[in-house]
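Chemist: any chance you could fold what I've pasted below:
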Amino acid sequence: MAVSIAGQLSALGSALVLGLAIGLLYDVFRVLRVRLPLPLLGGALDLLFWLLVTAALFLHALWTEGGVVRLYMVAAVFGGAVLYFRLL
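Modeler: From the prediction side, this is the model:
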């Protein structure tokens, strides 16, 4: 199986975008937690956030790399989230 540089750069870019989206989702859930002070909402939102993030990371790995989780992809997702929080 041949590995194309263009394919890997595309996957890296989509991982950065996924990290930005995860940062945005975190902010949306943070606003909900502050605006709606219900006692069990915090835990429910945390669970929902991590379920969504896990599903998104799994689907991203499945679509871009055929299910292979590569360390640089995880770093790119983390870098995208850090970039989101630094810029916004």
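
Chemist: from now on I want contacts and neighbour counts done on CA atoms only, so please keep to that.
Modeler: Noted.

Chemist: next, count neighbours for residue 14.
Modeler: 18 (other CA atoms under 10 Å).

Chemist: could you do residue 64 as well?
Modeler: By the measure other CA under 10 Å, the count of residues near residue 64 is 18.

Chemist: with residue 66 instead?
Modeler: Neighbours of residue 66 under the rule other CA under 10 Å: 10.

Chemist: do the same with residue 73
Modeler: For residue 73, the count of nearby residues is 23 (other CA under 10 Å).

Chemist: list the contacts of it.
Modeler: 11-12, 15 (CA atoms under 8 Å, 6 or more residues apart in numbering).

Chemist: show me which positions of the helix or strand encompassing residue 53 end up buried.
Modeler: According to DSSP states H and E, residue 53 maps onto helix 41-65. Neighbour counts using 16 or more other CA atoms under 10 Å place 42, 45, 49, 53, 57, 60-61, 64 of helix 41-65 among the buried residues.

Chemist: including distance to residue 21 and pLDDT, could these go into CSV?
Modeler: Shown next, in CSV, are those (distance: CA to CA, whole Å; pLDDT from 0 to 100):
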residue, distance to residue 21, pLDDT
42, 20, 88
45, 16, 93
49, 12, 96
53, 10, 95
57, 11, 92
60, 12, 94
61, 16, 91
64, 17, 89
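
Chemist: in a markdown table: the residues you listed, plus distance to residue 29.
Modeler: Shown next, in a markdown table, are the buried residues of helix 41-65 (distance: CA to CA, whole Å):
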| residue | distance to residue 29 |
| --- | --- |
| 42 | 9 |
| 45 | 7 |
| 49 | 8 |
| 53 | 12 |
| 57 | 18 |
| 60 | 22 |
| 61 | 24 |
| 64 | 27 |
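
Chemist: list just the nearest of those residues to residue 82.
Modeler: When the buried residues of helix 41-65 are ranked by distance to residue 82 (CA to CA), residue 53 comes first, at 15.1 Å.
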